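Participant: Sequence plus the predicted model coming up.
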Amino acid sequence: AAYDKTTMWGASASLSRELPFDATLTDLLAYNSYNDFAPNVGPGSLPLDIATNMQRDNIKSTSNELRIVSEGKHFIDYVAGLYYFHDDLQYAAQLTIDSGANRNYPVAQGGPGGAHVGDQNNTSFHQGTTAWAPYTQVTMNLTDALRLVGGLRYSHDRKSSSITSTKVNIAGNTVSAPFTFTQGPNAAMTGRITDKSLTWMYGAQYDIKPDVMVYATASSGFKDGGFNSRSATVTPYAFDPETSLNYEVGIKSTWFDNRLLVNLDVFRMLVKDYQQSTLLPIGTGFAIGNAGNFRNQGVEFDTQAQPIDELTLNASGSYIDSLITGGADHLTCDKTYPFQGSPPPASSGPYTDATHSYCNFNGLTLPYAPKWHWSIGGRWEQNWGTSQYSWFVAAELSGQSSAYLDSSLDPRSLQKGYALLSASL
């Protein structure tokens with residue numbers, strides 16, 4: 001039997017020099033190599049001779065960061081730097097139909113009949129990324145207890161890519177219509193994108209007492225765009241950047257000589273053009289696309305207590321209200337429930353076009369976003385007699401409320417709330 005093989009290695013170097021004005025200059029260099037070869041992923045891994053799915057990933061990356069950091073505590077403390085990153089990614093997949101494949105496809109999917117033995121799809125994807133970003137963050141110590149913090153980062157990301165998909169039959173047969181339907185026709189695409197963004201952060205911190213700090217922050221976020229690497233027929237091939245605005249106020253505190261920790265925060269996040277992964281309607285795998293805007297807001301806490309040396313207790317929880325707020329009026333409708341061709345259920349929103357292909361998800365709950373998360377746990381640990389060894393027993397109970405597990409909000413994907421109990425000794 002063939003086994004998966006993963007090879008990873010890397011090298012890094014750090015050079016630092018103290019400067020005469022209470023600052024340290026550091027240069028960080030790194031190189032990483034990742035190679036993964038999976039001779040059979042997916043249906044061919046079953047004890048049935050259905051298909052063989054070979055996949056190979058090869059990634060080589062180089063980074064360099066030059067950073068200056070102020071030392072000690074002054075009226076103004078700072079960190080500033082320049083970050084550079086380059087990587088080269090290659091992905092290859094080869095799917096071959098074997099003799100055990102016996103699915104009979106309907107006419108609408110290229111049938112009647114099944115795929116031919118020897119039908120093979122060869123996909124090859126290559127992407128090069130070059131990114132650089134200057135950044136700075138400044139802390140202004142107005143008093144021993146009050147600080148103002150601000151930062152800026154400019155990001156410049158450039159990507160180029162190409163993908164090809166070729167269907168052949170290695171057993172001397174013709175390539176079957178069902179195989180072409182599920183894998184898509186022969187195709188090749190190339191693309192180049194350049195994304196630029198200036199992100200910022202500012203906030204304030206105040207020490208009510210040495211172990212109790214309250215804070216407030218506002219910041220912007222940026223995630224660069226990219227390309228879909230699993231299919232040469234995905235439209236669009238490239239997806240756009242995702243941006244966000246984030247607001248948070250909270251408290252971080254320890255009490256009773258650090259035997260009790262309590263953190264609490266309230267937040268609001270506004271995301272534009274969020275990048276969502278969806279299952280390909282034909283073929284295999286997932287594709288990433290921009291699925292409109294959403295808003296997350298809520299409250300979260302975590303606490304940890306150590307009433308005696310041997311016992312540690314912990315609890316955490318969050319309530320997050322997630323809502324699709326706009327731009328999501330052209331997402332794919334779910335038309336398969338309760339039968340193929342059904343109108344979309346209420347969870348998929350109304351139709352937005354004459355062909356009944358797209359739905360409006362505005363005002364609906366975001367998928368993969370349960371409102372409630374919680375956990376409680378404890379750990380008892382002590383020495384084994386008078387020896388240098390120790391023993392422990394621990395348990396944790398965690399859970400979440402219901403959530404949709406499909407981007408189309410298919411009602412069949414609604415996972416009810418659940419709780420998990422774990423224990424260790």
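Facilitator: All right, it came through fine.
Participant: Any stretches of this protein with poor pLDDT?
Facilitator: Scanning the chain with the threshold set as pLDDT under 70 gives 1-2, 42-47, 280-285, 328-330, 339-340.
Participant: Spell out the residue ranges of the helices in it.
Facilitator: 177-183 (DSSP state H).
Participant: who are the neighbours in contact with residue 197?
Facilitator: By Cβ atoms under 8 Å, 6 or more residues apart in numbering, the contact list for residue 197 reads 154-155, 222, 224, 241, 243. C-betas here are computed from N, CA, C, even on glycine.
Participant: Oops, could you answer that again for residue 125 instead?
Facilitator: Per Cβ under 8 Å, 6+ apart, neighbours of residue 125: 89-92, 161-163, 227, 229-230.
Participant: Tell me which two of these sit farthest apart.
Facilitator: 92 and 227 (15.4 Å; Cβ to Cβ).
Participant: These two - which one has more neighbours?
Facilitator: Set residue 92 next to residue 227 and count neighbours by other Cβ atoms under 10 Å: residue 227 wins out with 23 against 15.
Participant: Does that one touch residue 191 like I think?
Facilitator: Yes. Shown here, residue 227 and residue 191 form a contact pair, counting by Cβ atoms under 8 Å, at 5.8 Å.
Participant: anything in contact with each of these two?
Facilitator: By Cβ under 8 Å, 6+ apart, the residues touching both residue 227 and residue 191 are 161, 237-238.
Participant: before we move on, the earlier item: narrow the contacts of residue 125 to those in strands?
Facilitator: 89-92, 161-163, 227 (DSSP state E).
Participant: Would you write out the ChimeraX command that picks the buried residues out of those?
Facilitator: Of the ones in strands among the contacts of residue 125, the buried ones go into a single ChimeraX selection, burial set by 16 or more other Cβ atoms under 10 Å:
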select :89,90,91,161,162,163,227
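Participant: Compute the distance between the spatially closest residue to residue 13 that is not a sequence neighbour and residue 67, please.
Facilitator: Once flanking residues are discounted, residue 13 sits nearest to residue 29: 4.7 Å by Cβ to Cβ, 6 or more residues apart in numbering. Per Cβ to Cβ, to the nearest Å, residue 29 is found 12 Å from residue 67.
Participant: Please apply the same query to residue 288.
Facilitator: 32 Å.
Participant: Just the closest of the shared contacts of residue 227 and residue 191 to residue 383, please.
Facilitator: residue 161 (57.5 Å).
Participant: Could you give the bridge partners of the closest one?
Facilitator: Each beta-bridge partner of residue 161 is listed here: residue 127, residue 191, as defined by DSSP bridges.
Participant: Same check on residue 156?
Facilitator: Beta bridges link residue 156 to residue 132, residue 196, judged by DSSP bridges.
Participant: Dump stretch 72-87 to PDB, keeping only the CA atoms.
Facilitator: The C-alpha trace of stretch 72-87 is given here as PDB (Å, rounded to 0.1, in the frame of the first residue of the first chain):
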ATOM      1  CA  GLY A  72      12.500  50.700  28.700                       C
ATOM      2  CA  LYS A  73       9.500  52.900  29.400                       C
ATOM      3  CA  HIS A  74       9.400  56.500  28.100                       C
ATOM      4  CA  PHE A  75       6.700  59.000  27.400                       C
ATOM      5  CA  ILE A  76       6.500  57.500  23.900                       C
ATOM      6  CA  ASP A  77       7.300  53.900  23.300                       C
ATOM      7  CA  TYR A  78       7.300  52.500  19.800                       C
ATOM      8  CA  VAL A  79       7.800  49.600  17.400                       C
ATOM      9  CA  ALA A  80       8.300  50.000  13.600                       C
ATOM     10  CA  GLY A  81       9.300  47.700  10.900                       C
ATOM     11  CA  LEU A  82       9.200  46.500   7.300                       C
ATOM     12  CA  TYR A  83       8.000  42.900   6.500                       C
ATOM     13  CA  TYR A  84       8.600  41.100   3.200                       C
ATOM     14  CA  PHE A  85       7.200  37.700   2.100                       C
ATOM     15  CA  HIS A  86       7.400  35.600  -1.000                       C
ATOM     16  CA  ASP A  87       6.100  32.100  -1.700                       C
END
